[in-house]
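[1] Kindly generate the corresponding structure for this input.
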Amino acid sequence: MKKGLIFVSVLLAVLSQLVTGCDGMDENYATGSNYNLRFSTDTVSFDTIFSTIGSTTKQFMVYNIFDKPLNIQSIELAQGEKKGFRINVDGLKGTNFQDVEVRPNDSLYVFIEVTVNPNGTNQPLLIEDSVIFTTNGVRQAVKLQAFGQDVVLCKGGTILAKDTLLTSKQPYLVYDSLVIAKDATVTLEQGTRIFMHDKANLIVRGTLIAKGTRTAPIIIRGDRLDKLLDNLPYDLIPDQWGGIYFASNSYGNILDHVVVRNGSSGITMTQADPEKSKLIIGNSQITNSDGYLFSAVNCNIEAYNTEFSNSGEAVVMLVGGRYSFTHCTLANNFAFGARTVPTLILSNNLTNAENKVVLYPLQKADFQNCIIDGNLSTGELALYYQQGTSQDAFSYQFTNCLIKSKEEANVHFTDILWGTSPGYRLSGEAGDYRYDFRPDSTSIVRGKAARSFSVKYPLDRFGVNRLNDSDGPDIGAYEYIREANE
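    Purely as a prediction, here's the structure:
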């Protein structure tokens, strides 16, 4: 009987030790103020967040660098739910967590999101909070920061059915599509910013008048303000939204000092009456599209002092119609896929949805003091002429241009720099994706423009006076100026 009691006592003692060992190993936690946490960062910063629109998810790591487990007595948002931040600790959502264990030499994730409430101002407002960790009586914090920007939200296919002025007071955030109805004229004030959500389009059935200035351009771009990688913001990536579409019955459109970037397409103009002005575009930049950047069928377009750059297809495609391009830079160093289509396509025919060839007479396509350049070794100019039509149905003329293509000796080309690239300030070096198509100090286009065309547009896209250049005006949208480091 005594042996049985001894056995039971020993068994209970062993079980007691096992239970204690399974209960979080409390007695083995590292204690003392020297045992605290390490973090992957001291601050988590969000780029500008549009009010009422949730952010992307960011994260940081919490490390236990010791050989014993740590018990975090509390993890909490300092401001609770007041600032709009939300945290998730290793899969659990909340604003306050108690007794969170981090095993020896292990870590845990903290995920953060934020939704900013409207702040009632037109300027971005800094929002701050902290995640507070208390371990062994020591308080540690990781700061949270975001800028909240109030926006005018256009959702559900907004239709502007009457004459409307869009101001620069607050940005516009477009979901789905923004449609300018037939017979309506929409005017964009200088400095207006329009942020387009994924697949959103700007569809113009009436008339769009967008007149910015050098210091307050109008910007139409995607709505992602964060980064894909540390050195690659979404603002440098194409295919962030749809594009701008001008319908057949849309005429009298003006784009001046406008930047359009990062769409699936840039600007698309469907078949129109070439005797009516479809679009006048000047001092602008259309850039970085996944598909055709600037395309028109049977339209009447005047373009000057404008950069058309970087697309997965042609930068400019003109089918039939009447066109005048003066002091424009057409450059395609697209870095997000393999290119097979030249920078510039001129054609008098198009294959329709029924696979039938439709002829559109190219009445006029004049390029004066323009750059046609890119990184295709096979040439950057394509002329698609449908045989059997009269010669005047395919009329084009290049004067004082740089064309990176094989030389063509005929009456359509006068004073051409053939088969070379100009030399730019930034050409999208590997892994950088940043471009500056202004000529550098050694550029071959310096002083090679015809002054007779420059007189009509004496100032370049950035307001530099071409006519003051002692070497003569430069070909393209930009005039060379010496930088401080040159």
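
[2] Contacts only, for residue 309.
    Each residue near residue 309 by C-beta atoms under 8 Å, 6 or more residues apart in numbering is listed here: 285-288, 293, 315, 329-333, 435, 437. Backbone N, C-alpha and C define where each C-beta goes, glycine included.

[3] So, low pLDDT: which residues of this structure?
    Using pLDDT under 70 as the threshold, the predicted model of the chain has low-confidence ranges 1-27, 388-392, 430-431, 484-486.

[4] what about 50?
    The chain contains residues with pLDDT under 50 at 1-25.

[5] so how far is residue 98 from the most centrally placed residue in it?
    Compute the mean C-alpha point of the chain, and by C-alpha atoms, centre = their mean the closest residue is residue 235, 2.8 Å away. From residue 235 across to residue 98, the span is 41 Å (C-beta to C-beta, to the nearest Å).

[6] Please apply the same query to residue 330.
    Using C-beta to C-beta, one obtains 63 Å as the distance from residue 330 to residue 98.

[7] And those two? Which one has more around it.
    Relative neighbour count places residue 330 above the other of residue 330 and residue 98, with 33 against 11, counting by other C-beta atoms under 10 Å.

[8] Any idea what residue 301 is bridged to?
    Note on residue 301: beta-bridge partners residue 279, residue 323, judged by DSSP bridges.

[9] That one contacts residue 320, doesn't it?
    No. Using C-beta atoms under 8 Å, residue 301 makes no contact with residue 320, being 11.6 Å away.

[10] for the residue nearest to the centre of the chain, phi and psi?
    Listed backbone geometry of residue 235 is phi -70, psi -10, with angles given as degrees, to the nearest 10.

[11] residues in contact with it?
    Going by C-beta under 8 Å, 6+ apart, the list of residues near residue 235 reads 221-222, 224-225, 261-262.

[12] Show me those residues that map onto helices.
    Among the contacts of residue 235, no member is found in helices (DSSP state H).

[13] Now do stretch 248-268: distance to the chain's middle.
    Using C-alpha atoms, centre = their mean, to the nearest Å, we find the averaged C-alpha position of stretch 248-268 to lie 16 Å away from the chain's own average C-alpha position.

[14] Can you mark which positions in it are buried?
    If you call a residue buried by 16 or more other C-beta atoms under 10 Å, then stretch 248-268 has these buried ones: 250-251, 253-268.

[15] Now the terminal residues of that stretch, how far apart.
    As for stretch 248-268, its first-to-last residue distance stands at 11 Å under the measure C-alpha to C-alpha, to the nearest Å.

[16] go on, stretch 70-85?
    End-to-end distance for stretch 70-85, by C-alpha to C-alpha: 26 Å.

[17] nearest spatial neighbour of residue 95, skipping sequence neighbours?
    Of all residues beyond its chain neighbours, the one nearest residue 95 is residue 77 (4.5 Å), with distances taken as C-beta to C-beta, 6 or more residues apart in numbering.

[18] separation between the one you found and residue 94?
    Distance, residue 77 to residue 94, by C-beta to C-beta: 9 Å.

[19] who touches both of the two?
    Residues within reach of residue 77 and of residue 94 at once, by C-beta under 8 Å, 6+ apart, are residue 87.

[20] Give me the neighbour count for the closest residue to residue 363 other than its chain neighbours.
    Counting by C-beta to C-beta, 6+ apart, residue 363 lies nearest to residue 322, which is 5.0 Å off, once chain neighbours are set aside. A total of 22 residues lie near residue 322 under the criterion other C-beta under 10 Å.

[21] on that earlier part again, for residue 77 and residue 94, indicate the residue with more neighbours.
    residue 77 (21 against 12).

[22] The closest residue to residue 206 other than its chain neighbours: what's it in contact with?
    Nearest non-adjacent residue to residue 206, counting by C-beta to C-beta, 6+ apart: residue 184, 4.0 Å away. With contact set as C-beta under 8 Å, 6+ apart, residue 184 has these partners: 160-164, 205-207.

[23] Among the residues you listed, which one has the most neighbours?
    With neighbours set by other C-beta under 10 Å, the maximum within those is found at residue 206, which has 25 neighbours.

[24] List the contacts of that residue.
    With C-beta under 8 Å, 6+ apart as the criterion, the residues that contact residue 206 are 160, 180-186, 250.

[25] can you rerun that using 6 Å?
    Contact partners of residue 206, counting by C-beta atoms under 6 Å, 6 or more residues apart in numbering, are 180-185.

[26] on that earlier part again, out of the contacts of residue 235, which one sits closest to residue 415?
    Within the contacts of residue 235, distances to residue 415 taken as C-beta to C-beta reach their minimum at residue 261, with 32.1 Å.

[27] Go ahead and confirm the closest one touches residue 221.
    Yes. Because the distance of 5.1 Å satisfies C-beta atoms under 6 Å, residue 261 is recorded as touching residue 221.

[28] and the spatially closest residue to residue 402 that is not a sequence neighbour, how many neighbours?
    Nearest-residue entry for residue 402: residue 417, 4.2 Å, with adjacent residues in sequence omitted and distances by C-beta to C-beta, 6+ apart. Residues within reach of residue 417, counting by other C-beta under 10 Å, total 18.

[29] Quick check: residue 417 vs residue 236, distance?
    Using C-beta to C-beta, one obtains 29 Å as the distance from residue 417 to residue 236.

[30] hang on, residue 452 in a helix?
    Yes. Counting by DSSP: H, G, I helix; E, B strand; the rest coil, residue 452 falls inside a helix.

[31] what sits against residue 71?
    Residue 71 makes contact with 29, 101 under the criterion C-beta under 6 Å, 6+ apart.

[32] Quick check: the gap between it and residue 89.
    Distance, residue 71 to residue 89, by C-beta to C-beta: 14 Å.

[33] for residue 161, same thing?
    Using C-beta to C-beta, we find residue 161 at a distance of 49 Å from residue 89.

[34] Likewise for residue 270?
    Computed with C-beta to C-beta, the distance linking residue 270 and residue 89 is 53 Å.

[35] If we ignore the residues flanking it in sequence, what's nearest residue 50?
    Once chain neighbours are set aside, the closest to residue 50 by C-beta to C-beta, 6+ apart is residue 151, at 4.7 Å.

[36] Pull the number of nearby residues for that neighbour.
    Burial measure for residue 151: 20 neighbouring residues, criterion other C-beta under 10 Å.

[37] if I look at residue 397, how far off is residue 323?
    When distances are taken as C-beta to C-beta, residue 397 and residue 323 turn out to be 11 Å apart.

[38] Compare those two (neighbour count), which wins?
    Here residue 397 and residue 323 are set side by side on neighbour count (other C-beta under 10 Å), and the busier one is residue 323, at 23 against 14.

[39] Okay then, goodbye and thanks.
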